[in-house]
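Engineer: here is the input, now give the coordinates:
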Amino acid sequence: MEAFKIAVETLNHIRRDGQGDNDNSSNDDDNAAADDDDDSTKQDKIQPNHVTYGLFLKCCGTLLPQGNAKRDAVIENVFRKCCREGLMSDFVLESFRRAASDDLCVKILGGDVEDMDVLRLPVEWGANV
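Structural biologist: Next up, the predicted model:
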């Protein structure tokens with residue numbers, strides 16, 4: 001049961017942060033979770049890692065309909081958060097490439113997306129892996 005709780009908390013963390021500035025909607029559960037975050041110390045928080053981000057991006061690619069603007073917005077916000085947290089890895093990059101539209105890949109990664117490698121991206125994107 002503890003593993004399920006951890007998974008739900010992690011998913012909620014990513015979901016809240018994945019909404020970015022584009023969606024101002026919220027509900028009592030999200031607000032309560034945010035209040036809980038304020039009460040706990042940084043050490044007590046369960047944080048996503050590069051595997052969490054990679055799996056979440058894979059789920060987005062599988063479950064969200066292609067050609068949907070919301071899909072690309074969620075994928076972009078999650079990917080950018082992953083990069084800000086320094087959790088970029090080969091797994092995350094491959095998951096992103098498979099989930100994101102071609103236009104989104106070029107927008108964020110630039111250049112030849114097919115030959116893109118983590119080593120050619122900013123070092124700080126993977127500093128905490």
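Engineer: mind checking the SS state of Arg98?
Structural biologist: Under the three-state scheme (DSSP: H, G, I helix; E, B strand; the rest coil), Arg98 adopts helix.
Engineer: check contacts around it.
Structural biologist: Listed by CB atoms under 8 Å, 6 or more residues apart in numbering, the contact partners of Arg98 are Leu57, Lys58, Gly61. In short, each C-beta sits where N, CA and C put it, glycine included.
Engineer: may I ask which of those residues has the most neighbours?
Structural biologist: Leu57 (26 neighbours; other CB atoms under 10 Å).
Engineer: switch the contacts of Arg98 over to TSV; also include pLDDT.
Structural biologist: TSV is the format used below for the contacts of Arg98 (pLDDT from 0 to 100):
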residue	pLDDT
Leu57	95
Lys58	94
Gly61	92
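Engineer: I'd like these written out as JSON lines, with secondary structure and distance to Phe79 added.
Structural biologist: Listed next are the contacts of Arg98 as JSON lines, based on DSSP: H, G, I helix; E, B strand; the rest coil; distance: CB to CB, whole Å:
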{"residue": "Leu57", "secondary structure": "helix", "distance to Phe79": "7"}
{"residue": "Lys58", "secondary structure": "helix", "distance to Phe79": "12"}
{"residue": "Gly61", "secondary structure": "helix", "distance to Phe79": "12"}
